[in-house]
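Colleague: Sharing a sequence plus its predicted fold:
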Amino acid sequence: MRRRKLFAAVLAVAATVGLAACSSGDDANVLKVGTEGTYFPFSYQDNGQLTGYDVDVIKAVGDKIGRKVEFTQAPWDSLFAALDSGRVDLIANQVTIKPERAQKYSLSNPYTVSEGVVITKTGTTGIAGLADLSGKTCAQSETSNWAEVAKTAGCKVEAIPGFVEAVQLLKSDRANATVNDTLVANAYIKQNGNGVIQIVGKTGETSKQAFAARKDSQALTDQINTALAELAADGTLAKISDKYFGLDVSK
């Protein structure tokens, strides 16, 4: 009887160790990605499903590197905190490449190239570009690249979670303008018509967007860069881009 109990105990321990090993292996094959889920057309909900240009691109990257992608949704201003704390491995949310960000994070090669624009409520006059923002109020995600552009132009920044909230402030006249990406502005206008917002001018900046990982994750970034090169070569990036924009914004 004692031998049977001992044998059963050994089997139980072995099973536990085996499950732990499987769990550890599964975790190693999961790529935890942070994204807003409210930034149309890059990361948004469609009939309860997370979709968008960034979502499709990082899924394609995951397939290339053999990692299952799991998403965590959070406001833009919370995404880097999630990355810093290790809750996510990567941010896929149009992270603009800039020197100070590259010093702190491991950034991939760009997968989106676009330009900045100044946006107002349709019918607004007196604002035709950055030079007209001084003394005005701009609705911006506080830690975004576009918030810095607005501040440099002399605009008072009203902090909001994302672009949808920026439009709401424009519509209610609680903000005079917002500075953002021409792709997101055009996509919003295409979806909602010209009666809500208008693009009144360009910022003069071309921005490149990348995936952001922690500095100690350079090996992951290298894998992503290889995958992006392969996806560009086989036409996948262009195909995903055309799906959302009708043109190739990946280069």
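Modeller: Perfect, thanks for sending it.
Colleague: Which parts of this protein are strands?
Modeller: Using DSSP state E, the strands found in the chain span residues 30-35, 38-39, 43-46, 49-51, 68-73, 90-96, 105-107, 112-121, 137-140, 156-159, 178-181, 197-214.
Colleague: Which of these sits closest to Ala233?
Modeller: Closest to Ala233 of these, according to C-beta to C-beta: strand 112-121, at 17.2 Å. (C-beta placed from N, C-alpha, C; glycine too.)
Colleague: and the closest one, which strands flank it?
Modeller: When pairing is defined by DSSP bridges, strand 112-121 lines up against strand 178-181 (antiparallel), strand 197-214 (antiparallel).
Colleague: Can you point out the buried residues in the longest one?
Modeller: Of all the residues in strand 197-214, those buried under the rule 16 or more other C-beta atoms under 10 Å are 197-198, 200-201, 203, 207-214.
Colleague: Next, format those residues as CSV and append pLDDT.
Modeller: Shown next, in CSV, are the buried residues of strand 197-214 (pLDDT from 0 to 100):
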residue, pLDDT
Ile197, 96
Gln198, 96
Val200, 97
Gly201, 96
Thr203, 94
Ser207, 89
Lys208, 95
Gln209, 96
Ala210, 98
Phe211, 98
Ala212, 98
Ala213, 98
Arg214, 98
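Colleague: Deepest-packed of the strands of the chain, please.
Modeller: Neighbour counts (mean count of other C-beta atoms under 10 Å) averaged over each of the strands of the chain peak at strand 178-181, with a mean of 30.
Colleague: Name all residues that make contact with the residue nearest to Asp181 when sequence neighbours are not counted.
Modeller: Leaving aside its sequence neighbours, Asp181 sits nearest to Ser114 (C-beta to C-beta, 6 or more residues apart in numbering; 5.1 Å). When the contact criterion is C-beta atoms under 8 Å, 6 or more residues apart in numbering, the partners of Ser114 are Asp181, Thr182, Leu183, Thr206, Ser207, Gln209, Val249.
Colleague: Which positions are bridged to Ser114 in the beta structure?
Modeller: With DSSP bridges as the rule, Ser114 is bridged to Ser207.
Colleague: can you tell me how far it sits from Phe245?
Modeller: Using C-beta to C-beta, to the nearest Å, we find Ser114 at a distance of 10 Å from Phe245.
Colleague: what touches both of the two?
Modeller: Joint contacts of Ser114 and Phe245 (C-beta under 8 Å, 6+ apart) are Leu183.
Colleague: which sections of this structure are below the confidence cut-off?
Modeller: Within the chain, the segments meeting pLDDT under 70 span 1-26.
Colleague: which residues in it form helices?
Modeller: 2-28, 53-65, 76-85, 99-104, 145-152, 163-171, 182-192, 218-233, 236-245 (DSSP state H).
Colleague: can you put those in a markdown table and add distance to Phe42 and mean neighbour count?
Modeller: Converted to a markdown table, these look like this (distance: least, C-beta to C-beta, whole Å; neighbours: other C-beta atoms under 10 Å):
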| stretch | distance to Phe42 | mean neighbour count |
| --- | --- | --- |
| helix 2-28 | 27 | 9 |
| helix 53-65 | 4 | 22 |
| helix 76-85 | 11 | 17 |
| helix 99-104 | 18 | 10 |
| helix 145-152 | 14 | 21 |
| helix 163-171 | 10 | 20 |
| helix 182-192 | 7 | 17 |
| helix 218-233 | 16 | 17 |
| helix 236-245 | 8 | 18 |
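Colleague: Tabulate those helices (TSV), appending distance to Thr35.
Modeller: Listed next are the helices of the chain as TSV, based on distance: least, C-beta to C-beta, whole Å:
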stretch	distance to Thr35
helix 2-28	20
helix 53-65	6
helix 76-85	7
helix 99-104	17
helix 145-152	17
helix 163-171	14
helix 182-192	14
helix 218-233	15
helix 236-245	15
